[in-house]
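Asks: Next comes the sequence, and after it the predicted model I'd like to discuss.
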Amino acid sequence: MEFLFNNIFDEKKYNSLRTTSEKIKYFLENDIFEIQKGECLIPTNGIKCVPEEYIDLNQFDALPFRINESYRTDEYVIGINWLFLLEIFEVFKTQLDLLDTSNEIDFNLNFLSNVDEQLNYLQEVIKRNDPFKLKCFTVEYNIWTDELILGAGTEYNFFLISESYQIDYILGKVYLGSTFDFEEYSNLSEFGKSLSKFLKVKYCLFHIKNIQNLVNDNLESIDTLNDDIENYNAYCAAYFFDKIGLVKKMQQAGFTQTKIYSIIGKITSTHPKTIEKKLRQLLIDSKTSESIKHPKTRKMVREIDEILNDLNYL
């Protein structure tokens, strides 16, 4: 994320501004405020793009200056730039995340080596921080992305109660990575606690998905390994019965190919279709070990050949 508004005010300059009109102009010049006419947003590029004769800022001097207020004339509305609002909320959220959310969960997971224990712990954290019972904002489930999201208006609600935090951010007293003190910003205490719970739940769900994906990957690996073992055993069995002449004997006895596959499959506890596939593979390999590509299978074929050769001398 690109930070556009952090530490852009000179503190001495800001503190020297006495009137509301001076402060509004300074905020416009730094693009923290923007000007809107009807439904149209007027790009300020500072206030230079909007001639001051159209907006007499002095008319607002009777009002106290508030960063989260809108200043209106008959034609214009001067108020916060939404890019600033989103940036300040993202910084606050990240500060909470760094404060205790991920570190606490990661620390506790380090002591749980069993997957079931990890999942149980993560589920308990989610139950303790029920995201659908938070005080300061609503949480919704997005069915399309399979994730929890903050309800509409959450950023704006934060904006309305965080004026001193916003000013400190503009002056560079608050920044991404700085520590956050609830006592210093007591008006953000409840909101921060609710947001912290939401972030904990999000982080737990992230971990649960990772664990589930890891388990699924391991299961797929086990299935693949079992398939490899079955294919290896089936090939060796097919090779052995073919070499000792059993396949040929059964063919001469009038057994159908399906019957032959079934008999060898029962002897080796292998599916007949797998035996069929491996007997066909033997024809491709020309019944020699040299054309067999897999080293383990080639080694076993050679061992079978050696055993049969030894039997010929008995």
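Replies: Great, that's in hand.

Asks: Not counting sequence-adjacent ones, nearest residue to V125?
Replies: In this structure, V125 finds its nearest non-sequential neighbour in C204, 5.0 Å apart by Cβ to Cβ, 6 or more residues apart in numbering. For the C-beta atoms, the positions are set from N, CA and C on the backbone; glycine is no exception.

Asks: That neighbour: helix or strand, and which one exactly?
Replies: Of the helices and strands defined by DSSP states H and E, C204 is found in helix 189-243.

Asks: doesn't Y71 make contact with V77?
Replies: Yes - judged on Cβ atoms under 8 Å, V77 makes contact with Y71 at a distance of 7.4 Å.

Asks: Please compare the two by neighbour count and tell me which comes out ahead.
Replies: Y71 (20 against 15; other Cβ atoms under 10 Å).

Asks: if you skip the residues just before and after it, what's nearest to that one?
Replies: In space, Y71 is closest to I78, 4.4 Å off (Cβ to Cβ, 6+ apart).

Asks: Help me confirm that the one you found is found in a helix?
Replies: No - according to DSSP: H, G, I helix; E, B strand; the rest coil, I78 belongs to no helix; its state is strand.

Asks: Touching, the residue nearest to V125 and D106? I think so.
Replies: No - counting by Cβ under 8 Å, C204 sits too far from D106 to count as a contact (11.1 Å).

Asks: Specify which residue of those two has the higher count of neighbours.
Replies: C204 (22 against 11).

Asks: how near is Y239 to K259?
Replies: 20 Å (Cβ to Cβ, to the nearest Å).

Asks: repeat for I55
Replies: From I55 to K259 the distance is 96 Å (Cβ to Cβ).

Asks: for L85, same thing?
Replies: 77 Å.

Asks: Looking at these two now, which is surrounded by more residues?
Replies: L85 (20 against 13).

Asks: What lies in contact with the helix or strand containing the more buried one?
Replies: Using DSSP H and E, L85 sits within helix 82-96. Helix 82-96 is contacted by residues 1, 3-6, 31-32, 154-156, 158-159, 162, 165-166, 169, 174-180, 188, 192, 195-196, 199 when judged by Cβ atoms under 8 Å, 6 or more residues apart in numbering.

Asks: Same question for stretch 203-217.
Replies: Residues contacting stretch 203-217 (Cβ under 8 Å, 6+ apart): 97, 101-102, 105, 109, 115, 118-119, 122-123, 125-126, 147-148.

Asks: Report the rounded mean pLDDT for that stretch.
Replies: In this model, stretch 203-217 has a mean pLDDT of 80.

Asks: tell me which residues of that stretch are tucked away?
Replies: 203-205, 207, 211 (16 or more other Cβ atoms under 10 Å).
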